[in-house]
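Colleague: Here's my sequence, what's the structure:
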Amino acid sequence: MKFQVSSIALANKLSVMAKVINAKPVLPILSNFLFELNGETLQITVSDGECMQCSTLSVTVAEENGKICLPADKLLDALRSLPEQSIEFTINEPTFEINIKYNNGKYDFVGYPADEYTIPSPLSNIKKEIQIEATTLNTAITQSLFAVANDELRPIMNGIHISTKKGMFQSAASDGQKLVRNTYKMENPIEEIEFVVPTKAAKLLKNLTNKVTTSIIVTYNEREAIFIIENDIFRCRLLEGKFPNYNAVIPKNNTNIAIIEREILLSTIKRVGVFSSVANGSIEMNFSGIGLDISGKDIDYSTSAKETLFCAYSGKNLRIGFKCEYLRQILENITSKEITFLMDDCSQAAIIKPVGEDDKTENLSLLVPMMLGA
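Modeller: Numbering: from 1, shown residues only. So this is what the prediction gives:
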C-alpha cells in the first residue's frame, strides 16, 4: 500500500479529526487513525466510541488498496512541523511497518491491524432524513452551547435540543438556572424532527460546519444521528430521554421592560462582579426611571462596588439579583447593540432578548434571579 499526499492538507485534516479522540480512550485502538486507501482516495476514520468522523482526501501515485491503523499522537507530531511538500507513505500491511518519506528525511514506525478498529453498522430504523443549511446549524449550536448543563443526575440536559416545527428550526439548552432558545425561519419547510445532541458532539459539529455554506444531510433514529457535511460524515450517539418542555416555563406577562446598551452593561457587570460575593457571585440591579444601579458586595471580605448607567425603563421600581457569571455568558452570546430585559418581580425569571432582530431569527434567554439580602 503506497500513496503520496500534501503534507499540509493531511496535517490540517488530521488536526481537525483528532478532536474526536479522547485523552483516555475506552479502547486503546481508538487512539489511532484508521487509513483506508481505495484508488486515489484516502478515507480516514476516527472514533471515541460515541462519536465517529469519516473524511476523504485525494492522493496521488496510489498503489495497492489497503487499510491500517496509525497512532494519532505520533503521526500528528511528525507532520505538524513539516513545510508544504508531497510526502510518500509506504505501508507493509502484513508487518504493519509504516515508512513516510519527505524531501530531506523519513519516518519509520509501526501501526496496528485495521481489523481491531470498531466500525459501527449502518444506521437502522431511520426515523427521518432531512436537509438543512450548515450555517443555520452552526449558528444554532454556537448560540446554545454556553447554556448546556453538566448534570450527572439529569443527563438529558447535557446537550442541545434540536427540533423543527411549522417551518421553524429551533435549538435550546438549559442548566436549570439559565435557558437559551434560538429560533430560525426556514426558507424551505422540512419534516418535523426532534433529538438531543451531546455537548462534545455539538462542539465537533460546530467545528465541522464553521466554514461550510452548503446544505447538509441529517439522518437519525432513536439512538444515533448522521450528518453528511461535504466530504465528511459525522456520526454521534444521541442523548436518550425526554427533554423538558422549555416553552412552558417562559413567562408570558413580564411587564417591567428595560432597554440597555449591551456592551456598556457587559463591561459594567464585569467590573462590579469583581467585588461580588465569592460564595454566590451575585450582583444586584435596581431599575427605576432612566437609571440602572448595579452593585456587588462581599460582606466577608468587606468589598463592594456600585455603578449607575442609563437605560430606557418602563415599569415599577424593581430590585433584582442575578449570578454575575450567568448574565455575562448571556450578554457575550448576543450580538446586537442593545438588549431588552423583560421582568415581573424579583422572584420570577427574567427574559433577555436582542433589540433589532430580523423577522427570520428570534433569540431568547431566560435567567433565574437570585435571592438578595435586606
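
Colleague: What segments of the stretch 201-350 of the chain are helices?
Modeller: With DSSP state H, counting those that start in this stretch as the criterion, the stretch 201-350 of the chain has helices at 262-273, 324-332.

Colleague: Next, the angle helix 324-332 makes with the longest one.
Modeller: Between helix 262-273 and helix 324-332, the angle comes out at 160 degrees (axes from the mean of the first three to the mean of the last three Cα atoms, to 10 degrees).

Colleague: Okay, buried residues for helix 262-273 please.
Modeller: By neighbour count on 16 or more other Cβ atoms under 10 Å, the buried set for helix 262-273 is R262, L265, L266, T268, I269, V272, G273. Where C-beta positions appear, they are placed from N, C-alpha and C, glycine not excepted.

Colleague: The fifth one: what's it in contact with?
Modeller: Residues in contact with I269 (Cβ atoms under 8 Å, 6 or more residues apart in numbering) are I283, I294, C324, L327, R328, L331.

Colleague: cool, N207 as well?
Modeller: N207 sits in contact with V16, K19, where contact means Cβ under 8 Å, 6+ apart.

Colleague: and the gap between G167 and N92?
Modeller: Here G167 is placed at a distance of 56 Å from N92 (Cβ to Cβ, to the nearest Å).

Colleague: Neighbour count for these two, which is higher?
Modeller: Per other Cβ atoms under 10 Å, whichever of G167 and N92 has more neighbours is N92, with 15 against 11.

Colleague: Okay, and the beta partners of the more buried one?
Modeller: For N92, the beta-bridge partners are E97 (DSSP bridges).

Colleague: Can we start the residue count at 287 from this point?
Modeller: Fine by me, first position is 287 from now on; the one you just mentioned is N378.

Colleague: And the pLDDT for it?
Modeller: You'll see N378 listed with a pLDDT of 93.

Colleague: Same question for the one 5 residues further on.
Modeller: pLDDT, E383: 96.

Colleague: Check P475 too.
Modeller: P475 carries a pLDDT value of 69.

Colleague: now do the one 4 residues further on
Modeller: Confidence at I479, expressed as pLDDT, is 90.

Colleague: can you check Y587 too?
Modeller: With respect to pLDDT, Y587 scores 85.

Colleague: so what's it up against?
Modeller: Counted by Cβ under 8 Å, 6+ apart, Y587 has contacts V564.

Colleague: pLDDT weak spots in the stretch 387-536 of the chain?
Modeller: 475 (pLDDT under 70).

Colleague: Adding mean pLDDT, write the helices of the stretch 487-636 of the chain out as JSON lines.
Modeller: Shown next, in JSON lines, are those (pLDDT from 0 to 100):
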{"stretch": "helix 548-559", "mean pLDDT": "96"}
{"stretch": "helix 610-618", "mean pLDDT": "96"}
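
Colleague: right, and those helices - which one's nearest E480?
Modeller: Proximity to E480 (Cβ to Cβ) singles out helix 610-618 among these, at 24.7 Å.

Colleague: between the helices of the stretch 487-636 of the chain, which gets nearest to I576?
Modeller: So among the helices of the stretch 487-636 of the chain, helix 548-559 is nearest, using Cβ to Cβ, at 13.8 Å.

Colleague: ok, back up a step: to N496, which of the helices of the stretch 487-636 of the chain lies closest?
Modeller: Using Cβ to Cβ, these put helix 610-618 closest to N496, at 18.5 Å.

Colleague: quick one: buried residues of that closest one?
Modeller: For helix 610-618, the neighbour count (16+ other Cβ under 10 Å) marks C610, E611, Y612, L613, R614, Q615, I616, L617 as buried.

Colleague: any idea which of the residues you listed is the one closest to P399?
Modeller: Among the buried residues of helix 610-618, and counting by Cβ to Cβ, the member closest to P399 is Q615, at 46.0 Å.
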